[in-house]
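>>> sharing a sequence plus its predicted fold:
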Amino acid sequence: MSPNAAISPNITTPVSSHAYVFYATNTEYACSVLINMALIRKWGSVIRFVFIITDKVPKAYVEKAASHFGAHIVHVTPPPPPAGSNPNDVATYGEVMTKLLAFSLYTYGYTRIMTLDADQLVRKNLDHLFELPHVDIAIPRAYWYVEFGGVDKQPDGRGGVGWAASPLMVIDLSPRLWKRVQGRLANLEKNEYDMDLINHEFGNEVLLLPGRYVTLNNHWDTETVPKWSSFWTAESAKNRTTLSRVYEEEVEVVHFSASIGRYGKPWTVPNGTIRENAHPVLKGMYLEWWTSANSLCPEWGTAI
């Protein structure tokens with residue numbers, strides 16, 4: 001099997017102990033959660049949803065997740081951000097640590113979960129990832145540090161053969177694993193957020209998944225074919241048609257991170273408006289998000 005190939009589906013385990021897990025701490029992310037729940041159902045999955053929320057998520061979104069998608073709602077208080085961190089970082093990433101509370105979901109009887117950040121689009125059925133070999137954490141490789149940064153080392157300079165990307169994680173839940181996360185949360189380093197914590201605590205133990213499972217949408221902004229793609233060649237690296245094929249045939253999850261709006265998030269791009277000469281796929285993903293938001297998210301036009 002190619003190292004960049006999708007893992008073949010072989011669903012044999014009952015879905016009751018498995019769950020797709022999302023979290024949200026505001027209206028915009030809650031809207032994107034609903035969009036991705038709809039996409040997961042569109043791709044044919046019947047595995048249950050868990051929706052981790054804080055008190056900042058509007059009641060209408062919580063009710064829709066529960067009634068429309070049958071989501072198990074878990075109310076939480078976000079863990080505090082790292083002490084001494086840059087205030088700008090805290091404003092941007094401060095509540096992202098909420099995601100790590102998913103490690104405690106074994107208390108509800110779940111045995112294997114897949115956490116997904118909301119600021120992305122699920123492109124294909126991901127149920128097959130629940131059938132991966134048993135490992136504490138399976139997680140995509142953050143390939144972009146090599147492609148866009150030019151160095152194959154961890155961003156904090158600690159070295160290593162690969163940096164894991166936490167927008168998607170498949171987790172075998174256990175009290176042991178949760179205890180490790182709790183210990184790390186209680187002793188965070190300066191500017192140590194969710195992705196840093198996962199890499200610092202589990203970096204040498206995780207099963208790394210191919211880049212297709214979290215692909216940055218920067219590729220359709222800069223019009224550069226990701227090197228993990230089976231379509232990549234030196235000649236095709238900037239080919240628009242090749243980029244379209246990568247998106248349609250290979251990408252499992254696309255993450256909004258391009259230099260558009262604020263951190264590329266679609267709710268910062270009014271009505272999905274993208275520059276006229278942008279790649280059609282880039283335009284399409286923002287239009288898809290906005291069209292879905294207008295149809296799925298309660299009072300979306302007045303909520304932002």
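Right, received. Where do you want to start? Residues are numbered from 1 along each chain as shown.
>>> wait, Glu252 sits on Leu209?
No: applying C-beta atoms under 8 Å, one finds Glu252 not in contact with Leu209, separated by 9.1 Å. (Each C-beta comes from the backbone N, C-alpha and C, glycine too.)
>>> excluding chain neighbours, what is closest to Val122?
Of all residues not flanking Val122 in the chain, Leu39 sits nearest, at 4.5 Å (C-beta to C-beta, 6 or more residues apart in numbering).
>>> can you dump the C-alpha atoms of the helix or strand harbouring Trp178 in PDB for me?
Here Trp178, judged by DSSP states H and E, is contained in helix 175-185. Presented in PDB, the C-alpha positions along helix 175-185 are these (Å, rounded to 0.1, in the frame of the first residue of the first chain):
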ATOM      1  CA  PRO A 175      -7.900   6.300  32.300                       C
ATOM      2  CA  ARG A 176      -4.100   5.900  31.800                       C
ATOM      3  CA  LEU A 177      -4.100   8.200  28.800                       C
ATOM      4  CA  TRP A 178      -6.400  10.800  30.400                       C
ATOM      5  CA  LYS A 179      -4.100  10.800  33.500                       C
ATOM      6  CA  ARG A 180      -1.200  11.700  31.200                       C
ATOM      7  CA  VAL A 181      -3.100  14.500  29.600                       C
ATOM      8  CA  GLN A 182      -4.300  15.800  33.000                       C
ATOM      9  CA  GLY A 183      -0.700  15.800  34.200                       C
ATOM     10  CA  ARG A 184       0.500  17.800  31.200                       C
ATOM     11  CA  LEU A 185      -2.400  20.300  31.400                       C
END
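>>> how about it: buried residues?
Leu177, Trp178, Val181, Arg184, Leu185 (16 or more other C-beta atoms under 10 Å).
>>> which residues sit against that helix?
If you take C-beta atoms under 8 Å, 6 or more residues apart in numbering as the criterion, helix 175-185 is touched by 79, 97, 100, 103-104, 106, 136-137, 171, 197, 200-202.
>>> which residues of the stretch 1-150 of the chain fall in helices?
27-42, 59-69, 87-93, 144-147 (DSSP state H, counting those that start in this stretch).
>>> what's the most buried one of those?
helix 27-42 (a mean of 22; mean count of other C-beta atoms under 10 Å).
>>> and the contacts of it?
20, 22-24, 47, 49, 51, 53, 56-58, 61-62, 64-65, 68-69, 71, 116, 118-123, 125-126, 265-267, 289, 292-293, 296-297, 300, 303-304.
>>> next one: stretch 61-74
Counting by C-beta under 8 Å, 6+ apart, 19, 24, 27, 30-31, 33-34, 37-38, 41, 48-53, 101, 105, 108, 296-298 sit against stretch 61-74.
>>> what is the nearest residue to His75 once chain neighbours are set aside paired to in the beta sheet?
Distance criterion C-beta to C-beta, 6+ apart; nearest residue to His75, sequence neighbours excluded, is Ile53 at 6.0 Å. Counting by DSSP bridges, Ile53 forms beta bridges with Ala24, His75.
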